[in-house]
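Asks: From the sequence below, what's the structure:
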Amino acid sequence: MSVREGKMMALAGGATFADKTKEDLQDLFRKALTNGIHGLCFSPYEEGQKPGDILSENQIRRRMEIIKPYTKWIRSFSCIEGNELIPKIAKEFGIKTLVGAWLGKETEKNEHEIEALIKLANEGYVDIAAVGNEVLYRKDLTENELLDHIYKVKKAIPKVPVGYVDAYYEFVARPKITEACDVILANCYPFWECCHMDYSLMYMKQMFYQALHAGGGLKHVIITETGWPSQGEDYKGALPSVDNAIKYFVNAQLWSKEEDIDIFYFTSFDESWKVGAEGEVGAYWGIWDKNENIKY
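Replies: Numbers count the residues shown, from 1 in each chain. Modelled structure (predicted):
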């Protein structure tokens with residue numbers, strides 16, 4: 001216990017980046033990536049594509065080849081429109097899978113997603129099942145509607161851990177959702193809460209421990225999304241830049257390894273379609289750019 005506390009104190013503010021040149025930062029990034037990370041959110045959409053377009057096996061396989069040397073897990077966000085190929089191809093490459101059913105306001109589409117998730121799990125392609133992503137945050141479903149979906153999936157795939165993905169604070173505010181989850185799948189973004197880069201690691205830790213406390217300390221908490229954009233507009237004190245993106249990535253990976261925290265980094269590839277929902281920064285969360293070249 002004392003060793004663990006000591007590690008937490010050592011990493012409270014993250015690595016020391018003072019006097020580091022751009023080349024030094026790039027070296028730190030490459031070392032952290034090469035050492036391997038727990039998980040990556042998988043970005044399948046090529047330039048000009050967006051959710052709703054049909055994904056090809058070729059584009060998924062090509063991008064999976066790029067990331068496979070660096071990650072143990074991938075996270076997918078949907079089980080239809082070609083996304084169902086992601087966990088199948090990941091398994092070929094020996095990568096574990098957190099597979100999500102995307103839920104929204106369209107009842108029929110939600111049913112297709114749920115049935116596809118259950119099918120993939122029963123076929124052995126799902127290590128953790130996520131029933132929805134930020135549905136409550138977007139107010140697309142009521143809490144009771146979401147609970148119905150979660151319990152339906154749990155009943156259908158009793159041997160696979162089932163959870164729901166949302167901002168960490170939703171698990172504090174909604175104990176019924178937290179109780180329903182086998183595992184707490186928490187999105188933690190200091191950037192979107194206007195946090196200065198210098199305090200971002202401490203802030204992410206606070207987010208994680210709020211989610212852990214919401215589960216009574218008894219449920220495993222996975223950070224299913226966290227990251228920092230490499231360019232775009234300043235968000236109330238949170239500054240996108242190449243240097244800050246590198247620093248945040250390095251700190252996240254140091255903490256993940258030191259404290260055995262499971263983190264899915266957001267995201268693998270830049271995707272331009274995200275500009276519509278998030279503004280300019282939406283297109284620049286990737287470790288690789290939209291042309292599949294590593295950015296740092």
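Asks: Within the helices and strands, which one has the closest residue to Phe42 other than its chain neighbours?
Replies: Distances taken as CB to CB, 6 or more residues apart in numbering place Ile74 nearest to Phe42, at 4.6 Å, with adjacent residues excluded. (C-beta placed from N, C-alpha, C; glycine too.) Taking DSSP states H and E as the criterion, Ile74 maps to strand 71-76.
Asks: could I get that strand in CSV with only the CA atoms?
Replies: In CSV, the C-alpha atoms belonging to strand 71-76 read as follows (Å, rounded to 0.1, in the frame of the first residue of the first chain):
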residue,chain,number,x,y,z
THR,A,71,-1.9,-1.8,-28.3
LYS,A,72,-3.3,-4.8,-26.4
TRP,A,73,-7.0,-3.7,-26.8
ILE,A,74,-9.2,-1.8,-29.2
ARG,A,75,-12.5,-0.1,-28.6
SER,A,76,-15.2,0.0,-31.3
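Asks: roughly how far is the helix or strand following that strand from the heart of the chain?
Replies: Per DSSP H and E, the first helix or strand lying C-terminal to strand 71-76 is helix 85-92. With CA atoms, centre = their mean, to the nearest Å as the basis, helix 85-92 stands 17 Å off its chain's centre.
Asks: mean confidence score for helix 85-92?
Replies: Across helix 85-92, pLDDT averages out at 98.
Asks: Which elements pack onto that helix?
Replies: helix 57-67, strand 71-76, strand 96-101 (3 or more CB pairs under 8 Å, 6 or more residues apart in numbering; DSSP states H and E).
Asks: Try it again at 6 Å.
Replies: helix 57-67, strand 96-101 (3 or more CB pairs under 6 Å, 6 or more residues apart in numbering; DSSP states H and E).
Asks: what's in contact with the lengthiest helix in the chain?
Replies: The helix that spans the most residues within the chain, counting by DSSP state H, is helix 242-259. The contact list for helix 242-259 (CB atoms under 6 Å, 6 or more residues apart in numbering) reads 7, 11, 14-15, 17, 25, 28-29, 32, 37-38, 197, 200-201, 228, 230, 263, 296.
Asks: Type out the PyMOL command that picks the buried ones from those.
Replies: Buried members of the contacts of helix 242-259, defined by 16 or more other CB atoms under 10 Å, are picked up in PyMOL with:
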select buried, resi 7+11+14+15+17+25+28+29+32+37+38+197+200+201+228+230+263+296
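Asks: Out of the contacts of helix 242-259, name the ones that lie in helices.
Replies: Using DSSP H, the subset of the contacts of helix 242-259 located in helices is 7, 25, 28-29, 32, 200-201.
Asks: which of those are the two that sit furthest away from each other?
Replies: The distance between the two most remote of those (CB to CB) is 23.0 Å, for Lys7 and Leu25.
Asks: Contacts only, for Asn110.
Replies: Counting by CB under 6 Å, 6+ apart, Asn110 has contacts Leu103.
Asks: The helix or strand hosting it vs strand 71-76, what angle?
Replies: Taking DSSP H and E as the definition, Asn110 sits inside helix 107-122. Counting by axes from the mean of the first three to the mean of the last three CA atoms, to 10 degrees, helix 107-122 lies at 150 degrees to strand 71-76.
Asks: Can you list the buried residues in helix 107-122?
Replies: 110, 112-118, 120-121.
Asks: which phi and psi does Ile294 have?
Replies: phi -60, psi 140 (degrees, to the nearest 10).
Asks: what sits opposite the residue nearest to it when sequence neighbours are not counted in the beta ladder?
Replies: Nearest non-adjacent residue to Ile294, counting by CB to CB, 6+ apart: Trp288, 5.4 Å away. Legend: beta-bridge partners of Trp288 under DSSP bridges are Phe269, Ile294.
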